[in-house]
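K.L.:
Only the shape, not the letters, is given here:
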């Protein structure tokens, strides 16, 4: 058995290690990008400008885009008093400003948190979640999402998304330069560098994607542990996961209507159809493992 604090510390350390690996992949591919294009000030300026613009848009507008993509609408306190009470109480317990609350009209039970920081955060829950969960289970799910906000996961994951996007852009630029005959003096200096650059441009985005998913899985474990710590009731969160697993395991169960590969990692439980691929390519840890860890906490 593990305490709340042991579980939180273990997953926080693993998240930091994964982010360090992410940073290393980022700097390697950016170095190759600059060198491959000639290494001059123009290449550096173009690369920096694209990344800064991408990061700025993701930071200031990312949450609005995600809410719109998800079909989320601002919730009415009079219509959802139990949800507002849960969010108010758990935000106060976590010492974070009360997030805005949104509803997604979808029978699939799920929720997510997003925003650029603690002061500009929001929680969205599906109508299916509200209809399926009792008060304690709803508090368990909300505590998980509040934990994402209090642990700065919304910024942490946004940084991971920006890094992954930048790695993808730089890799695509290298591949385009290779096939269209660019590459500065490096094209004439020998084939070894060109092959290394091309190989990195293919491998780096795949590695970045896998590391981003691994970070997402560790942050989910950490939010489970911290949510259980806030409520002092890990079983309520485990019970919520059991209900969601029972629903999504049905052969006729649809995925969350507006979820996609970009937003999937934000959700409380994977909103996409079950995949037979390795856990390496999953946005969330196995639900059975999450339940097991919660039921062993004290």
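P.N.:
Perfect, thanks for sending it. What you are looking at is a predicted structure, and each value in this text was computed from that prediction instead of being measured.
K.L.:
Give me the below-cutoff pLDDT ranges for the stretch 1-150 of the chain.
P.N.:
1-12, 14-15, 36-44, 47, 51 (pLDDT under 70).
K.L.:
so where do the strands sit in it?
P.N.:
72-74, 100-104, 111-117, 120-126 (DSSP state E, counting those that start in this stretch).
K.L.:
Now render those strands as CSV, adding distance to residue 271 and mean neighbour count.
P.N.:
The way it works is simple: take the backbone N, C-alpha and C, and place the C-beta from them, glycine included. Shown next, in CSV, are the strands of the stretch 1-150 of the chain (distance: least, C-beta to C-beta, whole Å; neighbours: other C-beta atoms under 10 Å):
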stretch, distance to residue 271, mean neighbour count
strand 72-74, 13, 16
strand 100-104, 10, 20
strand 111-117, 8, 23
strand 120-126, 9, 24
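K.L.:
sec struct for the residue most central in space within the chain, please.
P.N.:
Taking C-alpha atoms, centre = their mean, the centroid of the chain lies closest to residue 265, which sits 4.0 Å from it. At residue 265 the chain is in helix, as set by DSSP: H, G, I helix; E, B strand; the rest coil.
K.L.:
ok, now how distant is it from residue 69?
P.N.:
Distance, residue 265 to residue 69, by C-beta to C-beta, to the nearest Å: 13 Å.
K.L.:
Repeat that for residue 93.
P.N.:
According to C-beta to C-beta, residue 93 stands 30 Å off from residue 69.
K.L.:
Might you report the residue contacts of residue 294?
P.N.:
224, 228, 234, 235, 237, 238, 241 (C-beta atoms under 8 Å, 6 or more residues apart in numbering).
K.L.:
Among these, name the ones in strands.
P.N.:
Within these, no residue falls in strands by DSSP state E.
K.L.:
Now restrict those residues to buried residues only.
P.N.:
224, 228, 234, 235, 237, 238, 241 (16 or more other C-beta atoms under 10 Å).
K.L.:
Put together a markdown table for the residues you listed, with pLDDT on each row.
P.N.:
Shown next, in a markdown table, are the buried ones among the contacts of residue 294 (pLDDT from 0 to 100):
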| residue | pLDDT |
| --- | --- |
| 224 | 94 |
| 228 | 92 |
| 234 | 94 |
| 235 | 95 |
| 237 | 96 |
| 238 | 96 |
| 241 | 97 |
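K.L.:
Let me see the ranges of the helices in the stretch 51-200 of the chain.
P.N.:
Ranges of helices within the stretch 51-200 of the chain are 81-94, 127-132, 135-150, 153-179, 191-231, based on DSSP state H, counting those that start in this stretch.
K.L.:
Of the contacts of residue 294, just say which sits nearest to residue 80.
P.N.:
residue 237 (20.0 Å; C-beta to C-beta).
K.L.:
Enumerate every residue touching residue 149.
P.N.:
94, 96, 99, 113, 115, 118, 121, 123.
K.L.:
Pipe the strands of the stretch 1-150 of the chain into JSON lines and attach distance to residue 174 per row.
P.N.:
Listed next are these as JSON lines, based on distance: least, C-beta to C-beta, whole Å:
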{"stretch": "strand 72-74", "distance to residue 174": "37"}
{"stretch": "strand 100-104", "distance to residue 174": "39"}
{"stretch": "strand 111-117", "distance to residue 174": "30"}
{"stretch": "strand 120-126", "distance to residue 174": "35"}
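K.L.:
so which of these comes closest to residue 140?
P.N.:
Of all the strands of the stretch 1-150 of the chain, strand 111-117 comes closest under C-beta to C-beta, at 10.7 Å.
K.L.:
Residues contacting that closest one, please?
P.N.:
Against strand 111-117 from outside (C-beta under 8 Å, 6+ apart): 59-60, 62-63, 66-67, 70, 99, 121-126, 129, 141-142, 144-146, 148-149, 152-155, 158, 263, 266-268.
K.L.:
starting at the chain centroid, how far to that strand?
P.N.:
From the chain centre to the centre of strand 111-117 is a distance of 10 Å (C-alpha atoms, centre = their mean, to the nearest Å).
K.L.:
correct me, but the residue nearest to the centre of the chain touches residue 156?
P.N.:
No: counting by C-beta atoms under 8 Å, residue 265 stays clear of residue 156, with 11.3 Å between them.
K.L.:
In TSV: the contacts of residue 294, plus distance to residue 253.
P.N.:
Listed next are the contacts of residue 294 as TSV, based on distance: C-beta to C-beta, whole Å:
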residue	distance to residue 253
224	22
228	26
234	25
235	24
237	21
238	20
241	15
